[in-house]
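Colleague: just to be clear, the model below is a prediction. Sequence and coordinates:
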Amino acid sequence: MLEDLLILIRHDLGGILRVRNVKGKRSERRSAFRRLFRYVAAASFAVIILWVIIFMVQLLGWSFFQTAIIAGIDFGATIFNFTVIISFMGSIAVSVATVANSSKMEYMMCMPISLRTLFLEKTIVVVFYNSLIYLVIGIPIVIGLAISSPVPFAILSIPIFIVMLLGNVTLGVAVGGLIGLSISRFLAGRRRLKQIGWFLGTSLAIIFSTFYYYSLYATDSGFSQFFSVILDFARQIGLSSDFSPGGAMNAVTVRLIVGLPVNLVDVFLAVLFVLVSILLIYINAIASETAHYSGWLASGSKRSSKREVKIAHTVWNPSDVPLLKMTTTTSVSMWYNTASVRREGRVLANYLVGPMRTVLWFLLIFLAPGGMMVSFAPFIIISAMIPFAVSYGVYFAGYELVYEGKNLMNLLLAPASLTDYVKGKVFSAVPFTMIATGIASVLVIFVQPSLWIYIPAVLISSIFLTLAAGGIASYSAATGGDFKAQRNISRQRGAAVQMPIRNMWAMARAHLLPNMIGFIGIGAILGIGIFLNPLYSYLVVPLFALICIQLMRSYVGKSGRRLQTIEASEYL
Amino acid sequence: MIEAIELTKQFSEFTAVDKLSFTVNPGEIYGLLGPNGSGKSTTMRMLLGLLKPTMGTARINGFDVQTHIVEAKRSMGYVPEEPVLPERLTGWEYINYVSDIWRVPRGSERDEEIDELLTLLDIKDASDDLIETYSKGMARKISLVAALIHSPKILILDELQAGIDPRGAATIKEILVGLSEKGNTILMSTHILEIAERMCDRIGIINKGSMIAEGTMNELRVKAKGHESLEEIFLDLTGGPDMQRIADFLGE
């Protein structure tokens, strides 16, 4: 089994991490810059981090760092738990997706290896991808601190860190995979229930982990009391850190670097977590194998307790609604986009609740200093609507446009304007922005009723921001999208849903530009209201709306033209 | 030897394969024919151990695929109907990958063998290209190389000839006939009835998951009285085109 596993991993990663161009004449020749950029960037980044740490330790002295680390020793547990939670959230459907797509990798399944080995290898590749970023950032930090530390055996923390990190990511991925398989098992064949199950499961995972971090920072928040029960229990059984994988990792790495005593219980717990993660990833492989043979996850499976009911959809044409004049192509596109996103509860949840992760960091930056910024909390919540408005535009117009790659040939052959089609995708995000900003508005009024005056302005601005974000993202998708994404299991890079926009600049444009427009625009609207007169805010809203509409029209037009000329080899 | 004993596969209330039994002997080319959705691919997947039969047994080279799947797979080569291959590998890398899994010893002998097969199937020139650049026919050819590289005793081929150029199809035919003469067992499904008629020693026709006729061409001719070609026999057994509907569609 081990030999098979190593062969599978070697060939799988060999194809993906290719540095040289292939010799064949049909294949695309990539420049040395494009081939080596990610490796050089990662290596440079790691070297810079290492150099900065060593330089700072020499400049400020080890005792400064030691004191600072000891003072915030629990922060390490928070960071390490973050890796577990993020891996868990990203992998909740990974096993389900792999098993469901197994019919597309028959070339591997007919090989003389057990399917258990095959699924195990696929999960290991997912662990590899999930760990990569943490390893690139974490290893130079740990090396820098360990070699600067005068504490004996501090150097041991480097291999321990690597093993524990891989263990923790494995734990997150394996638990995510198992939960995903369980949901699918219990709801096998019940499409509607499965959608709801995925939606609730993914949403809860995102919300729970977001609040976990919120509670750790805003210690006077009510949520911290819930988590404090777990923390108290950990201390009662003699743990130096909390009773969590991140806590165990923190105890055996960071404490070792700064010379704090490491209890035997900590070591035992750390080893236990590594063993549990190995056991869970293996159980995940067995469960995947069972799922494959049982057939309840096969794509197109008709296993159901009920008879198949054909659902007839009607096309919603909002042209009848006053001020909402749009072509049939746009309304069909809008309806189709909403229907196709709704079809997968997990994707819908990720799209709708996912921006909470971005907002979390936003809140942490402002709320971490404690009471100082509390008076700004309502404004911070108002500003938190911006990432939501932007993300919906990016997801619904950008990502979905790329995932429709398999349909692109039909679109190109259809006697319809692709600009109108893209416009429909952008418009489909608006109702979701309205719902999200509506909920956030209630929260703002609840926190500080006097701010109601700004709510309509921000609500309206968010809608137009979504339009601009959607337009920009659609252009990024048209220019930098991988239209073969999700089409083929062998192209999946570990993630259940791979990043559809591969071009780095296109991705940066899709996310950064709309956020910048949002923060400057809505910031200006709020600022004018606060410093001059709240009513003046409403004078800026039409200007902001106009800019957003112009941006949308310009980018959607460019996107439509680009899609019109896209070559078949890019999506077939 | 391939043995299907009362193989049954049910998906909810739909029975894809219903108590299907047949045997393919060493040195024999067996054609499994049937209309679209008749259960050919499902049967093949059960024989390969990719699907668990609801009932019945599948044996490959004497090994029950449910209890000894890895041993059964060791003696098999398979070309799927739609080969979805690792697109980020070149053709050469892919064959090496498969060879490693099948434990074909590394070295010049293996390289020569790969080279020979690639040349034979006319894809040597493209072997250094990424598989994502391959046409469907090329993907099928490289799948056949992968299926043959470990010299399997049993070959299962699902619609192999579809999309392959005439020269390639003729080469494949010669290879398969040669292999069967050497004692290999070959099970193939095809919609090109002419190929089945000329190549297969025995033919099984399935419809709606059940075997409706089985035997050599002569035996099938006897069963379907008055019909000479396999196409006529096939249409007689599975139902021909609805001429009235065609006429309605054409507006006649």
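Modeller: Great, that's in hand. Numbers count the residues shown, from 1 in each chain, chains lettered A, B, ... in the order given.
Colleague: OK, contacts around residue 35?
Modeller: All of this refers to chain A. Counting by CB atoms under 8 Å, 6 or more residues apart in numbering or on different chains, residue A:35 touches A:18, A:19, A:20, A:21. In this view, the C-beta of every residue, glycine as well, is placed from N, C-alpha and C.
Colleague: that answer is for a different chain, and I need it for chain B
Modeller: Residue B:35 makes contact with B:207, B:238, B:239, according to CB under 8 Å, 6+ apart.
Colleague: let's see that with 10 Å instead.
Modeller: By CB atoms under 10 Å, 6 or more residues apart in numbering or on different chains, residue B:35 lies in contact with B:191, B:205, B:206, B:207, B:208, B:234, B:235, B:238, B:239.
Colleague: thinking again about what came up before, which one of the contacts of residue A:35 is nearest residue A:338?
Modeller: Top of the list for closeness to residue A:338, among the contacts of residue A:35 and by CB to CB, is residue A:18 at 38.7 Å.
Colleague: surely the closest one is in a helix?
Modeller: No. Residue A:18 is assigned coil when assessed by DSSP: H, G, I helix; E, B strand; the rest coil, not a helix.
Colleague: residue B:98 versus the residue nearest to it when sequence neighbours are not counted, what's the distance?
Modeller: Leaving aside its chain neighbours, residue A:18 sits nearest to residue B:88 (7.2 Å; criterion: CB to CB, 6 or more residues apart in numbering or on different chains). From residue B:88 across to residue B:98, the span is 15 Å (CB to CB, to the nearest Å).
Colleague: more neighbours: which of those two?
Modeller: Using other CB atoms under 10 Å in any protein chain shown as the criterion, residue B:88 and residue B:98 rank with residue B:98 on top: 24 against 20.
Colleague: does that one touch residue B:146 like I think?
Modeller: Yes. Counting by CB atoms under 10 Å, residue B:98 does reach residue B:146; the two are 4.4 Å apart.
Colleague: need the residues touching each of these two.
Modeller: Listed as contacting both residue B:98 and residue B:146 by CB under 10 Å, 6+ apart are A:107, A:110, A:111, B:77, B:114.
Colleague: widest-spaced pair of these?
Modeller: Farthest apart among the shared contacts of residue B:98 and residue B:146 by CB to CB are A:110 and B:114. That separation is 18.7 Å.
Colleague: tell me, how many residues neighbour the closest residue to residue B:161 other than its chain neighbours?
Modeller: In this structure, residue B:161 finds its nearest non-sequential neighbour in residue B:169, 5.1 Å apart by CB to CB, 6+ apart. Residue B:169 has 17 neighbours, counted by other CB under 10 Å.
Colleague: list the contacts of residue B:169.
Modeller: With contacts defined as CB under 10 Å, 6+ apart, residue B:169 is in contact with B:137, B:160, B:161, B:162, B:163, B:192, B:195.
Colleague: tell me the one of these nearest residue A:269?
Modeller: Using CB to CB, residue B:160 is the member of these that lies nearest residue A:269, at 55.9 Å.
Colleague: can you confirm the closest one is in a helix?
Modeller: No. Read with three-state DSSP, residue B:160 is coil and lies in no helix.
Colleague: pretty sure it sits against residue B:144.
Modeller: Yes. Counting by CB under 10 Å, residue B:144 is a contact partner of residue B:160 at 6.7 Å.
Colleague: let me know the helix or strand that residue B:21 is in.
Modeller: Assigned by DSSP states H and E, residue B:21 belongs to strand B:14-24.
Colleague: does anything pack onto that strand? Which helices or strands?
Modeller: The contact analysis (3 or more CB pairs under 10 Å, 6 or more residues apart in numbering or on different chains; DSSP states H and E) places strand B:14-24 against strand B:2-11, strand B:29-33, helix B:40-47, strand B:55-60, strand B:185-189, strand B:202-207, strand B:210-215.
Colleague: out of the ones you listed, which gets nearest to chain A?
Modeller: Judged by CB to the nearest CB, the one of those that comes nearest to chain A is strand B:2-11, at 4.8 Å.
Colleague: which bits of the stretch 1-150 of chain A sit near chain B?
Modeller: Residues of the stretch 1-150 of chain A lying close to chain B by CB under 10 Å from any CB of the partner chain are A:1, A:3-4, A:6-8, A:10-12, A:14-18, A:22-28, A:101-115, A:117.
Colleague: now do the helices in the stretch 1-150 of chain A.
Modeller: For the stretch 1-150 of chain A, the helices defined by DSSP state H, counting those that start in this stretch cover A:2-16, A:32-60, A:62-71, A:73-90, A:94-100, A:106-109, A:115-148.
Colleague: which of those is buried the deepest?
Modeller: Highest mean neighbour count among those (mean count of other CB atoms under 10 Å in any protein chain shown): helix A:94-100, with a mean of 26.
Colleague: got phi/psi on residue A:261?
Modeller: Here is the backbone geometry of residue A:261 (degrees, to the nearest 10): phi -60, psi 140.
Colleague: isn't it right up against residue A:267?
Modeller: No. Counting by CB under 10 Å, residue A:261 stays clear of residue A:267, with 11.3 Å between them.
Colleague: ok, these two, which is more surrounded?
Modeller: A count of neighbours by other CB under 10 Å puts residue A:267 above the other of residue A:261 and residue A:267, at 14 against 9.
Colleague: find the nearest non-adjacent residue to that one, please.
Modeller: In this structure, residue A:267 finds its nearest non-sequential neighbour in residue A:252, 6.1 Å apart by CB to CB, 6+ apart.
Colleague: need the contact list for the one you found.
Modeller: With CB under 10 Å, 6+ apart, residue A:252 has these contacts: A:156-157, A:160-161, A:163-164, A:240-241, A:262-263, A:266-267, A:269-271, A:273.
Colleague: quick one: buried ones out of those residues?
Modeller: With burial judged by 16 or more other CB atoms under 10 Å in any protein chain shown, the buried subset of the contacts of residue A:252 is A:157, A:160, A:161, A:163, A:164, A:240, A:241, A:262, A:266, A:269, A:270, A:273.
Colleague: ok, back up a step: what touches both of residue A:261 and residue A:267?
Modeller: Common contacts of residue A:261 and residue A:267 (CB under 10 Å, 6+ apart): residue A:251.
Colleague: average pLDDT across stretch B:110-130?
Modeller: Stretch B:110-130 comes out with an average pLDDT of 89.
Colleague: hmm, it touching chain A?
Modeller: Yes. Using CB under 10 Å from any CB, stretch B:110-130 reaches chain A at B:125, B:126, B:127, B:128, B:129, B:130.
Colleague: for those, name the two members farthest from one another.
Modeller: B:125 and B:130 (13.9 Å).
Colleague: higher neighbour count, those two?
Modeller: The residue with more neighbours, out of residue B:125 and residue B:130, is residue B:130; 22 against 13, by other CB under 10 Å.
Colleague: how near is residue A:421 to residue A:60?
Modeller: With distances taken as CB to CB, residue A:421 is found 58 Å from residue A:60.
Colleague: where does pLDDT dip in the stretch 201-350 of chain A?
Modeller: Applying pLDDT under 70 to the stretch 201-350 of chain A flags the ranges A:209-242, A:295-324, A:345-346.
Colleague: er, chain A I mean
Modeller: Looking at chain A by pLDDT under 70, you get A:93, A:103, A:187-195, A:198, A:209-242, A:295-324, A:345-346, A:360-378, A:485-499, A:569-572.
Colleague: kindly recompute the last result at 50.
Modeller: Low-confidence segments of chain A, defined by pLDDT under 50: A:221-223, A:299-306, A:487-497.
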